[in-house]
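Student: Predicted structure and sequence below. I'll ask about it afterward.
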Amino acid sequence: MSTRLTQKYITSAQTVLKTVKIHTDPLTINPETTQKVIDHAKAYLEDSKYYLQKRRTSISLTSIAYCEGILDALRLTGAAHFEWPKRNEQKPRK
């Protein structure tokens, strides 16, 4: 991935973090909404596998990082429950 593209993502994230507003009312995340978010994570996973196959590892890494970020957000909000596999539990890829 180019430095320019990386800087673009960093700048976007900084802008959002400076302007983000937190809802003060409690939110309810229904299972349908959670599933839609999981579907986005699955799409990023598929993108990652596609770009890895095309030997575009930087884009592949970015895509899987997005996938993990979405899954972490679901876990941290309590909308989904899982644990990341430990290193010794992960199966080697062929």
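Tutor: Nice, I can see it. Computed from a predicted model, the values in this text were never measured in an experiment. Residues are numbered from 1 along each chain as shown.

Student: List the contacts of the longest helix along the chain.
Tutor: In the chain, assigned by DSSP state H, the helix with the most residues is helix 31-53. Helix 31-53 has contacts (CB atoms under 8 Å, 6 or more residues apart in numbering) with 57, 59-61, 63-64, 66-67, 70-71, 73-74, 79-80. Where C-beta positions appear, they are placed from N, C-alpha and C, glycine not excepted.

Student: Look at the residue lying farthest from the centre of the chain and give its secondary structure.
Tutor: Relative to the C-alpha centroid of the chain, counting by CA atoms, centre = their mean, Asp25 is the outermost residue, at 25.2 Å. Here Asp25 is coil, with the state taken from DSSP: H, G, I helix; E, B strand; the rest coil.

Student: What values do phi and psi take at it?
Tutor: For Asp25, the backbone dihedrals (degrees, to the nearest 10) come out as phi -90, psi 150.
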